[in-house]
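sequence first, then the predicted structure:
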Amino acid sequence: MQRLYDFLRRHPTCVDSFWAVLLLGMSLLSAADFSGGSPAVPALLSLPLCLVVALRRRAPQKMLLLATATGVAQLALNQPAGVADFAMLVIVYTVASGHVRWASRFALAGSFVAAPLAQLRWPNPHNSLSTNLLVTVFLAVPFLLAWVLGDSMRTRRAYWAQVEERAKRLEKEREQQARMAVTAERARIARELHDVVAHNVSVMVVQADGAAYVLDASPDQAKQALSTISATGRQALAEMRRLLGVLRTEEGGETGGEYVPQPDVERIGELVEQVRSAGLPVDFKIEGAPRPLPSGVELTAYRIVQEALTNTRKHGGPDVGASVRLTYFDDGLGLLVEDDGRGAQQELYEAGGADGMGHGLIGMRERVGMVGGTLDAGPRPGGGFRISVLLPNRPGR
């Protein structure tokens with residue numbers, strides 16, 4: 001049964017042809033009974049109407065014109081309506097359910113005109129005027145119902161097509177949002193890795209160079225440098241462990257492990273002490289009344305100070321000094337990191353570096369942009385480099 005149903009859906013013209021043959025047989029029998037055995041003219045007029053039923057879905061506009069011409073021929077040859085005229089209802093429904101608007105309007109106009117023309121052509125002298133009006137309305141109602149049913153079918157098909165299109169569009173948008181989320185997560189992980197690796201490895205390299213330089217002359221300073229390298233390495237491992245732990249949790253893997261909290265504003269003092277122990281003098285001050293801030297804002301402030309001091313150590317040159325200012329405002333937090341060194345090259349803080357360098361400042365701008373803050377980075381008028389940041393109390397885009 002399912003195969004038969006699928007076959008009929010794939011070949012609708014076969015179904016229409018079957019009904020056309022059945023309609024032709026019924027119209028011939030009716031014409032023979034009505035004409036007393038000579039159905040020549042009614043049969044000739046029935047053939048085009050049955051053809052209308054057979055090809056209504058293959059060529060609906062042409063079949064509408066053929067049905068109209070057949071109706072006009074019936075009026076001209078004085079042939080009253082018969083069984084085959086049922087094809088006119090079928091073609092009215094068909095064109096009304098289609099997307100060709102002129103054909104639908106033409107069918108609606110014909111639905112209003114057909115019944116009055118039939119009453120004028122074949123009036124009943126025994127009926128009163130009111131009776132003739134009622135008969136005209138009664139004959140017009142099936143045509144109007146056929147058009148209304150076809151138009152509602154067209155509207156319903158258009159609605160379901162729109163729903164399907166909207167579902168496809170939403171699916172594409174979900175896929176695009178998923179790709180954007182993956183890209184944003186990759187960028188976040190890249191920033192975290194850059195901040196952790198660049199800062200801690202830079203400190204370790206500086207301390208290792210210093211330890212190698214004073215190893216013979218001052219063993220105590222070399223021992224202190226090695227101790228700093230060990231502490232910095234442990235801190236880097238702890239932060240890497242935290243980051244990898246977050247990744248495992250997001251992927252549905254293990255949730256256990258040795259994790260540490262995210263760095264916040266309170267740990268900036270520890271960061272400054274670590275940088276001082278690495279040989280970079282830093283003046284650190286806090287202005288305003290400290291208060292808790294959103295975790296995203298605090299992490300951003302810590303990473304910016306970390307990256308700024310790392311850049312000072314990398315690009316500031318010998319005998320460089322730095323200063324860090326944290327200012328608590330009513331609506332946010334201000335950061336000012338300055339140094340008196342030679343500063344970074346222009347292409348590193350403007351274009352990101354043609355040689356692949358300068359990702360630290362790019363990461364700063366991305367972090368500040370994610371919490372809705374502003375960043376200004378560039379050389380100072382009197383020499384050195386300055387990074388000024390304003391972070392809002394409430395993170396936003």
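Nice, I can see it.

the closest residue to residue 226 other than its chain neighbours: which element?
In space, residue 226 comes closest to residue 211 once its chain neighbours are excluded; the distance is 5.6 Å by C-beta to C-beta, 6 or more residues apart in numbering. In this view, the C-beta of every residue, glycine as well, is placed from N, C-alpha and C. In the assignment (DSSP states H and E), residue 211 maps to helix 129-214.

quick one: average pLDDT of that helix?
For helix 129-214, mean pLDDT is 82.

what of stretch 30-45?
So the average pLDDT for stretch 30-45 ends up being 64.

that one: end-to-end distance?
13 Å (C-alpha to C-alpha, to the nearest Å).

quick check, central residue of this protein?
residue 173 (2.2 Å; C-alpha atoms, centre = their mean).

for that residue, give its distance to residue 166.
10 Å (C-beta to C-beta, to the nearest Å).

one more: residue 325?
Distance of residue 325 to residue 166, computed by C-beta to C-beta: 53 Å.

these two: which is more packed in?
residue 325 (15 against 10; other C-beta atoms under 10 Å).

what's the more buried one in contact with, if anything?
Shown in contact with residue 325 (C-beta atoms under 8 Å, 6 or more residues apart in numbering): 285-287, 334-337.

elements contacting the helix or strand following the helix holding residue 211?
Downstream of helix 129-214, the next assigned helix or strand under DSSP H and E is helix 219-250. Where contact means 3 or more C-beta pairs under 8 Å, 6 or more residues apart in numbering; DSSP states H and E, helix 219-250 is packed against helix 129-214, helix 268-277.

measure residue 154 to residue 106 for me?
Counting by C-beta to C-beta - residue 154 and residue 106 are separated by 15 Å.

I meant residue 282, not that one.
86 Å.

now do the helix holding residue 211: distance to the chain's middle.
Mean-position distance between helix 129-214 and its chain equals 3 Å (C-alpha atoms, centre = their mean, to the nearest Å).

with stretch 220-233 instead?
With C-alpha atoms, centre = their mean, you get 52 Å for stretch 220-233.

export the contacts of residue 325 to TSV and tack on neighbour count?
Below are these laid out as TSV (neighbours: other C-beta atoms under 10 Å):
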residue	neighbour count
285	10
286	14
287	12
334	17
335	24
336	18
337	24
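
just the CA coordinates for stretch 289-297, please, in PDB.
Taking C-alpha atoms only, stretch 289-297 is exported to PDB below (Å, rounded to 0.1, in the frame of the first residue of the first chain):
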ATOM      1  CA  ALA A 289      39.100  52.200  48.100                       C
ATOM      2  CA  PRO A 290      39.700  48.600  47.000                       C
ATOM      3  CA  ARG A 291      36.500  46.600  46.500                       C
ATOM      4  CA  PRO A 292      35.500  43.300  44.800                       C
ATOM      5  CA  LEU A 293      35.100  43.400  41.000                       C
ATOM      6  CA  PRO A 294      33.700  40.900  38.500                       C
ATOM      7  CA  SER A 295      36.000  38.000  38.000                       C
ATOM      8  CA  GLY A 296      36.500  38.700  34.300                       C
ATOM      9  CA  VAL A 297      37.600  42.300  35.100                       C
END
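
what's the mean pLDDT across it?
Here the average pLDDT along stretch 289-297 is 85.

now do it: everything it contacts.
If you take C-beta under 8 Å, 6+ apart as the criterion, stretch 289-297 is touched by 262, 264-265, 301, 328, 332-333, 370-371, 373, 391-395.

returning to what we had before: what about the contacts of residue 325, which are in strands?
285-287, 334-337 (DSSP state E).

shaky segments in the stretch 251-397 of the chain?
251-261, 343-360, 395-397 (pLDDT under 70).

where do the strands sit along it?
282-287, 322-328, 332-339, 374-379, 385-392 (DSSP state E, counting those that start in this stretch).

out of those strands, which is closest to residue 85?
Across the strands of the stretch 251-397 of the chain, residue 85 has its closest neighbour in strand 385-392 (76.9 Å, C-beta to C-beta).

residue 65 and residue 105, how far apart?
Counting by C-beta to C-beta, the gap from residue 65 to residue 105 is 14 Å.

thought residue 206 was touching residue 279, still the case?
Yes: counting by C-beta atoms under 8 Å, residue 279 does reach residue 206; the two are 6.5 Å apart.

what about residue 27, how many neighbours?
For residue 27, using other C-beta under 10 Å, the count is 24.

that older thread, deepest of the helices and strands packed on helix 219-250, which one?
Comparing the helices and strands packed on helix 219-250 by mean neighbour count (mean count of other C-beta atoms under 10 Å), helix 268-277 ranks first with a mean of 18.

quick one, it and strand 322-328 angle?
170 degrees (axes from the mean of the first three to the mean of the last three C-alpha atoms, to 10 degrees).

in contact with residue 210, which residues?
Taking C-beta under 8 Å, 6+ apart, one finds 221-222, 225, 279 in contact with residue 210.

same question, residue 127
Residue 127 neighbours (C-beta under 8 Å, 6+ apart): residue 135.

tell me how far it lies from residue 302.
Counting by C-beta to C-beta, the gap from residue 127 to residue 302 is 97 Å.

do you know which of the strands of the stretch 251-397 of the chain lies nearest residue 17?
strand 385-392 (73.3 Å).

may I have the strands that pair with the closest one, each with its orientation?
strand 332-339 (antiparallel), strand 374-379 (antiparallel) (DSSP bridges).

and residue 123, which of the three is it?
Secondary structure assignment for residue 123 (DSSP: H, G, I helix; E, B strand; the rest coil): coil.
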